[in-house]
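>>> Here you go, sequence then predicted model.
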Amino acid sequence: MTLLSVKDLTLSINGSPILNGIGFELQAGDVLGVIGESGSGKSMTAYSVMHLLPGGAELNGSIRLKDRDLTRLGEAEMCSVRGAVIGMVFQEPMTALNPVRTIGDQVAETVVVHGRGTRREALQIARRTLDRVGLPADRFPLDRYPHELSGGQRQRVVIAMAIALQPAVLIADEPTTALDVTTQAQILDLLRGLVDSDGMGLLMITHDLGVVAGMADRLAIMRRGDIVEAGPAERIFEAPAHAYTRALIEASGHHPPRGPDRTGEVPLLEVRDVVRTYRTPRASFLAPPGEFRAVNGVSFSIRRGENVGLVGESGCGKSTLTRAILGLDPIQGGEIRVAGNVVDADRPMARVVRRRMQVVFQDPYSSFNPRHRVERLVAEPFHLMDDPLSADERRRRVGDALDRVGLSAADADRYIHEFSGGQRQRIAIARALIIEPDLILLDEAVSALDVSIRAQILDLLADLSRRLNLSYLFISHDLSVVRAVTDRVLIMRAGRIVEEGATETVFRNPQHAYTRQLIASSPDIESALAQRKIS
């Protein structure tokens with residue numbers, strides 16, 4: 001049975017064409033994967049189905065949900081459809097969640113708004129749904145707030161909100177971008193289980209070809225507002241007809257060329273026995289507060305010119321450790337040094353140390369001030385330089401930085417909300433590179449990028465490392481990225497480093513059971529297609 005049928009859909013915003021007469025069908029019990037580069041129109045297709053379009057949008061064509069034409073429904077009628085009949089998982093969890101409401105209230109809200117139960121019943125449904133997406137009650141009570149969760153945990157809350165009422169159609173816009181590989185596998189199994197057991201139709205928008213290779217029944221490849229190729233997933237992966245599809249598949253397995261080993265002997269970054277603790281709520285009024293060790297005795301070093309990967313599940317302490325290295329959070333034990341200088345969050349860091357170290361955060365939107373233009377955002381690190389630049393020189397260097405990450409100098413005059421998620425991440429990388437520091441911490445820096453741009457960015461980072469002898473600390477759940485660009489890898493679990501060594505050695509012969517589990521859970525096109533043929 002056809003759940004969703006889109007025909008001759010065109011969309012323009014303020015006269016600019018976005019979608020050019022696209023069409024597809026989503027059957028009950030099927031997964032349709034929509035693939036394409038950032039800005040190709042994937043997300044705008046989803047927003048058109050949901051009627052979540054900005055002012056100045058002109059939508060034409062047909063969008064039928066079973067026997068209802070959604071293009072004829074008003075806002076009040078669409079409110080009864082969203083969440084109940086069509087659920088949606090948005091790309092950036094922090095912007096999809098209300099920071100001043102608990103996760104329990106936000107998941108339960110959908111149930112209450114659609115009259116599916118009392119508040120008490122809604123909270124019970126919220127609890128069951130959060131359990132299903134890997135947020136158990138003993139660690140994630142309903143009264144937790146979004147800021148108390150990691151990026152991957154917040155994404156799971158967003159997924160729980162979308163599936164609370166078991167909608168007929170679920171639109172998932174990059175549903176596993178922020179998730180580690182083991183959690184990603186669990187979420188994909190959950191989504192596939194909902195499709196199989198409930199007859200739900202899943203429209204999955206993603207740049208990860210490994211994910212859709214194992215999930216999707218059919219694919220639609222988008223480029224510049226057009227669907228350039230569509231058909232069964234296996235056929236497209238094995239015999240892609242369009243040149244753009246072939247380029248995407250080739251880029252998904254891209255490995256940057258490695259140069260000669262230029263690592264020095266003196267450590268650039270030294271982390272010694274670092275401990276970072278948080279207080280937990282009291283068990284009772286008279287009981288003392290508890291303590292949670294997010295980072296528990298971690299030690300490692302990075303030499304100049306060396307690229308090191310830090311891998312682990314969401315909540316294992318990767319991002320907490322990153323903030324400590326940057327001097328943003330205090331540590332309760334151990335020591336961190338950059339180029340011999342102690343990093344201490346309790347006292348101002350020397351400007352020379354900050355100039356030698358930059359960061360690209362996991363969530364590009366929340367790391368920018370939305371009131372400033374891109375030129376000012378990218379130029380922020382210039383304040384660390386000894387000699388101020390002229391306005392013309394600042395603008396020239398910003399334009400060069402944007403060109404290097406696949407954007408254009410003209411983008412400097414735009415605001416951050418005008419870009420897609422992947423484009424925002426490219427801007428974040430341009431900001432980190434602009435003063436050419438010695439060490440760059442990349443916290444899921446390429447997780448939001450489509451495969452072709454990711455290949456370009458990884459090539460760029462590898463080239464800069466070779467030419468400038470830069471060092472990188474890659475914090476990532478994407479094992480393929482870590483394997484492609486790092487010299488050494490650290491495997492982190494529950495605040496500790498459980499395995500470390502040369503990257504290829506660890507991947508080919510993992511010693512720890514947790515490392516073996518991570519590698520087995522990592523999505524891979526060839527493995528996924530082979531598994532489909534077996535099943």
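Everything's here; your move.
>>> can you tell me which residues contact Ala502?
With contacts defined as Cβ atoms under 8 Å, 6 or more residues apart in numbering, the neighbours of Ala502 are Asp487, Arg488, Val489. (Glycine included, C-beta is placed from N, CA and C.)
>>> Okay, and the beta partners of it?
Arg488 (DSSP bridges).
>>> now swap in Arg64 and tell me
Bridge pairing for Arg64 - DSSP bridges - gives Ser5, Asp69.
>>> State the number of residues packed around it.
Other residues near Arg64 number 17, with proximity taken as other Cβ atoms under 10 Å.
>>> Leu70 versus that one, what's the distance?
7 Å (Cβ to Cβ, to the nearest Å).
>>> same deal with Phe474?
From Phe474 to Leu70 the distance is 42 Å (Cβ to Cβ).
>>> Which one of those two is surrounded by more residues?
Phe474 (25 against 21).
>>> Can you report phi and psi for the more buried one?
With angles defined as degrees, to the nearest 10, Phe474 sits at phi -90, psi 110.
>>> Leaving out chain neighbours, which residue sits closest to it?
Leaving aside its chain neighbours, Phe474 sits nearest to Gly309 (4.6 Å; criterion: Cβ to Cβ, 6 or more residues apart in numbering).
>>> Which secondary structure element is home to that neighbour?
Gly309 is part of strand 307-311 when elements are defined by DSSP states H and E.
>>> can you give me how far that strand is from the chain middle?
In terms of Cα atoms, centre = their mean, to the nearest Å, the centre of strand 307-311 is found 17 Å from the chain centre.
>>> what's next to it, contact-wise?
300, 302, 318, 321, 465, 471-477, 479, 482-483, 485-492, 503, 518.
>>> which one is Ala108 nearest to, not counting chain neighbours?
Excluding the flanking residues, the one nearest Ala108 by Cβ to Cβ, 6+ apart is Ala122, at 3.7 Å.
>>> Ok, Val342 next?
Sequence neighbours aside, Glu335 is the residue nearest to Val342 in space, at 6.6 Å (criterion: Cβ to Cβ, 6+ apart).
>>> State the distance from the one you found to Val343.
Look at Glu335 and Val343: by Cβ to Cβ, they are 8 Å apart.
>>> I'd say the residue nearest to Val342 and Leu269 touch.
No: in this structure Glu335 lies outside contact range of Leu269 using Cβ atoms under 8 Å: 11.6 Å.
>>> Which one's more surrounded, the two?
Between Glu335 and Leu269, counting by other Cβ under 10 Å, Leu269 is the more crowded of the two (24 against 14).
>>> can you list contacts of the helix or strand harbouring the more buried one?
Element membership for Leu269 (DSSP H and E) is strand 267-280. Applying Cβ under 8 Å, 6+ apart, the set of residues contacting strand 267-280 from outside is 289-304, 306, 317, 320-321, 324-325, 329-339, 438-439, 471, 473.
>>> Give me the buried entries from the residues you listed.
Using 16 or more other Cβ atoms under 10 Å as the burial test, the contacts of strand 267-280 include 293-296, 298, 300, 302-304, 306, 317, 320-321, 324-325, 329, 331, 334, 336-339, 438-439, 471, 473 as buried.
>>> Please look at Asn469 and Glu306 and confirm they touch.
No: Asn469 is beyond contact range of Glu306, at 9.6 Å (criterion: Cβ under 8 Å).
>>> In which helix or strand does the residue nearest to Ala108 reside?
Going by DSSP H and E, Ala122 is in helix 119-132.
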